[in-house]
Each structure stands twice: as structure tokens, then as C-alpha cells.
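# this one's structure only:
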Ligand code: NAP
Ligand code: ZN
């Protein structure tokens, strides 16, 4: 075991605070990573505050990890010391079920191991995330990162990037498709950039009038407020695909009405409370309401390579780790432009 510095929530109502963490020594197929940057996802907040239930305390969040390989196990072949690498939302899966074989480890039939607040494949060791100086991960779940792009701005691709890229690919977004992105935060701003790069006509649907200019700079073609009933009515039947990234309770029926016939609304945001969907919202127009969870390892590597090729990164505000509680509050207020990323050097000193 190596003891490393980290930040943890000890209880739902306690702020994030310094914490010492024991990381395992790298086994034969493990890679140890010195973490340089870690993005702050709204899931970190939901989990730290136990908004979904089931948080195992203390919890060390963080699943948008970029760093350098510091040690490798004897049988590691894909990574070497000094390589720039990333880790996303999960760190292992069974490897033999149908979904794992189909490169859909996030839907592992035996339960994938998430990067934090989850059990490793021994089903008893708890995983701790990227708000720490180092992490040890089995090599298959470690991604290669191009040195071409600024690393602090690449970190959010490991969750916000893949979570939006995967449904845009799966529902085959192409030139001219009308795509709406609901909520302009971490996931939302990546959805705008990636959908625009695929040639879609992108509309941001936001409750925040102050984000209109940013939406356009991020590549959106239109910006509409969701707060006025008349404005929502005007958009009825407009979109082929809606990417919903909202983290808090909202009425899905209002957004389903904005889909064209055969349109699809993809839920990415996970509000803590359940929402009611009226059958008529789907029946009229043969509309679909679906969900999507991050993306598999192969697809995450594909997304990272795609972003490197198309110069797509996240718009980030880099913070020191002792600003994490303020960053949580600002994220909840929707005041993030558009992802907080922790500079992990601030934890080492
Ligand atoms: P975020 O940066 O906080 O963005 C969420 C956006 O939703 C806000 O910027 C805001 O946009 C809008 N919003 C927030 N509260 C709202 C409210 N009360 N009413 C209406 N709109 C509201 O969060 P994120 O990191 O992008 O994560 C978004 C959600 O996705 C979270 O629930 C997270 O847990 C989930 N998530 C899911 C996956 C997956 O695999 N499916 C992966 C990662 C995260 P406007 O100001 O523009 O309205
Ligand atoms: Zn995330």
C-alpha cells in the first residue's frame, strides 16, 4: 500500500476535506498514474451529498482524470512510465459477459466497477476517485491521451465528453439534423461542441439568459430560453434529437413535445427525484425517451482521438483543491463556465 493525499466527503452534510488514502501497489496488469488534473462533474456532488442514496463514506470523488504513468506492473504492455493517460467513470468490469465482449463495459451484466463509490471486481474493495495525487487502475481501463491538446481542458472529456459523444454517435447524428441540448453546463457544453462538429444544427435550451453569447461561441446555432411557456410552444415538433443534461427536477413532458415525429430524447442528467411521463407525450409522434450511460472503453478512446483530431476540448476554470467546496456551490447554481478542473499540484504541496 502507498498512502496518498486526497480530498473526501466524510458525510453528506460535511464539506470536502483533506484525507489520506491507501492505494494498492500496482499488480502485474496495473498502471499507477500520477494525477495532474481532475474535472468536477455534477455526479461528484450528487454522490458526495448522497442525493442518489447509497454513498459509502468516506467518498473520494473524481472521474475525469488525466495524468502521467508513474509505475507499471510486470505484464503491462499498452502503457509505459511517462505516458500521458486518462481514466474515466469506471475502472473495471467482469470482462466476459455479452456487454463486456461488445465493448459496452459500462453495461457489464455482472456490475462494472465505477471509479468511486463502487466495489472493485472482488465485490468488497471500495474504489476511490481522482481527487487524489495518484490512482492505480488495471491497464485495459487506462486511456491514451494525445499531448497535442492542453491537458487540463482534456480532463472533462473523460466523462462529459464521452457521455455526450456516445449518444450522438449511437443515434447517428449527421449533417443537418436538428439537435437540442438542454442545460448548458459541463455535459451540455461538450454536447454542443461535439454535435456541431458532426454537422448538426444545434439549439441550446437553457433557463439562463446570460448563457446565450457563450452558447454561440461554443458552436450552437440557436439559443432558446426554457422559462417562458410561449417560447416552448413555439418550438413544438422541432428536433430530431434532444440531449437532456439537467441535473435537477424538470418536466420531461414539456421537452418531449419539442420532438419531431420519431424523435428521440436522451436522458443524461440524473435528477435525484423520479419524474412522471405521460404516455401521450410519447404516443403522439411515435417519440422515444431513452437514457445513456457514459461510453465503453473502445468508444472513449475513439472519442479522445476524435477530439484530438478536431481540436475539441472543454472550456475550463482551473482551481486549487482547497476551492472545491466553492466549486460545488457554483456548479449547483449553474455558474460554471463550463467545467471546474482541479490542478492536482495544489494537493501535492
Ligand atoms: P452541470 O455542469 O451542473 O450542468 C447542469 C445544467 O443543468 C446546468 O448548467 C443548468 O443549465 C441546468 N440546470 C441545473 N439545475 C437546473 C434546474 N433546477 N432547472 C433547470 N435546469 C437546471 O452538471 P453536469 O456535470 O453537466 O451533469 C449533468 C447531469 O448529468 C448530472 O445529473 C450528472 O449526474 C449527470 N451525468 C450523467 C452521466 C451519464 O452517464 N448519463 C454522466 C455524467 C453526468 P442552464 O443554466 O443552461 O439551464
Ligand atoms: Zn461525470
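Nice, I can see it. Computed from a prediction, not measured in an experiment: that's the story for all the values here. Ligands and ions are numbered 1, 2, ... in the order given.

# Number of residues surrounding the closest residue to ligand 1 within the chain?
Going by CB to the nearest ligand atom, ligand 1 is nearest to residue 185 of the chain, at 1.9 Å. Using the backbone N, CA and C atoms, a C-beta is placed for each residue, glycine as well. By the other CB atoms under 10 Å criterion, the neighbourhood of residue 185 contains 24 residues.

# And for the one 4 residues further on?
If you count neighbours by other CB under 10 Å, residue 189 ends up with 29.

# and if you look at residue 264?
Residues near residue 264, counting by other CB under 10 Å, number 18.

# Just want the most central residue of the protein.
Centroid-nearest residue in the chain: residue 159, 2.7 Å away (criterion: CA atoms, centre = their mean).

# tell me the contacts of that residue?
Residues in contact with residue 159 (CB atoms under 8 Å, 6 or more residues apart in numbering) are 39, 41, 43, 63-64, 88-89, 186, 294.

# so which helix or strand takes in the nearest residue to residue 300 once chain neighbours are set aside?
Distance criterion CB to CB, 6 or more residues apart in numbering; nearest residue to residue 300, sequence neighbours excluded, is residue 162 at 4.7 Å. Using DSSP states H and E, residue 162 sits in helix 160-170.

# Can you mark which positions in that helix are buried?
160-169 (16 or more other CB atoms under 10 Å).

# So which elements touch whichever helix or strand comes after that helix?
Using DSSP H and E, the helix or strand that follows helix 160-170 towards the C-terminus is strand 178-182. Other helices and strands packing on strand 178-182, by 3 or more CB pairs under 8 Å, 6 or more residues apart in numbering; DSSP states H and E, are helix 186-197, strand 201-206, strand 239-244.

# Please work out the angle formed by the directions of strand 178-182 and strand 239-244.
Relative orientation of strand 178-182 versus strand 239-244 (axes from the mean of the first three to the mean of the last three CA atoms, to 10 degrees): 20 degrees.

# residues in contact with the closest residue in space to residue 307 that isn't next to it in sequence?
Excluding its sequence neighbours, the residue lying closest to residue 307 (CB to CB, 6+ apart) is residue 157, at 5.6 Å. Residue 157 makes contacts with 64, 86, 190, 303-304, 307, 312-314, as judged by CB under 8 Å, 6+ apart.

# what phi and what psi does the backbone show at the residue nearest to the centre of the chain?
The phi/psi pair for residue 159 (degrees, to the nearest 10) reads phi -120, psi -60.

# same check, this time on residue 18
phi -60, psi 150.

# how about the residues of the stretch 51-200 of the chain near ligand 1?
Within reach of ligand 1 by CB under 6 Å from any ligand atom, the stretch 51-200 of the chain has these residues: 159-160, 163, 183-188.

# now the closest residue in space to residue 292 that isn't next to it in sequence: how far from ligand 2?
Excluding its sequence neighbours, the residue lying closest to residue 292 (CB to CB, 6+ apart) is residue 167, at 4.3 Å. In this view, residue 167 and ligand 2 are 14 Å apart by CB to the ion, to the nearest Å.

# Model confidence at residue 167, what's the number?
What the model reports for residue 167 is a pLDDT of 98.

# Please determine how far it is located from residue 190.
Relative to residue 190, residue 167 is positioned 12 Å away (CB to CB, to the nearest Å).

# host element of residue 37?
With DSSP H and E as the criterion, residue 37 is inside strand 30-39.

# Against which helices or strands is that strand packed?
Short answer (3+ CB pairs under 8 Å, 6+ apart): strand 30-39 packs on strand 65-72, strand 84-87, strand 134-138, helix 151-154, strand 339-343.

# Determine which of these approaches residue 59 most closely.
strand 134-138 (14.5 Å; CB to CB).

# Relative to that closest one, what are the paired strands and their orientations?
strand 30-39 (antiparallel) (DSSP bridges).

# Would you mind getting the angle between the strand it pairs with and helix 160-170?
Using the same axes, to 10 degrees, strand 30-39 lies at 90 degrees relative to helix 160-170.

# doesn't residue 221 make contact with residue 201?
Yes - counting by CB atoms under 8 Å, residue 221 is a contact partner of residue 201 at 5.3 Å.

# These two: which is more packed in?
Using other CB under 10 Å as the criterion, residue 201 and residue 221 rank with residue 201 on top: 18 against 15.

# contacting residues for that one?
176-179, 221-222.

# out of those, who has the most neighbours?
residue 179 (24 neighbours).

# For the stretch 201-349 of the chain, what lies in contact range of ligand 1?
Checking the stretch 201-349 of the chain against ligand 1 by CB under 6 Å from any ligand atom, the hits are 206-208, 211, 245-248, 250, 268-270, 292-294, 331, 334, 336.
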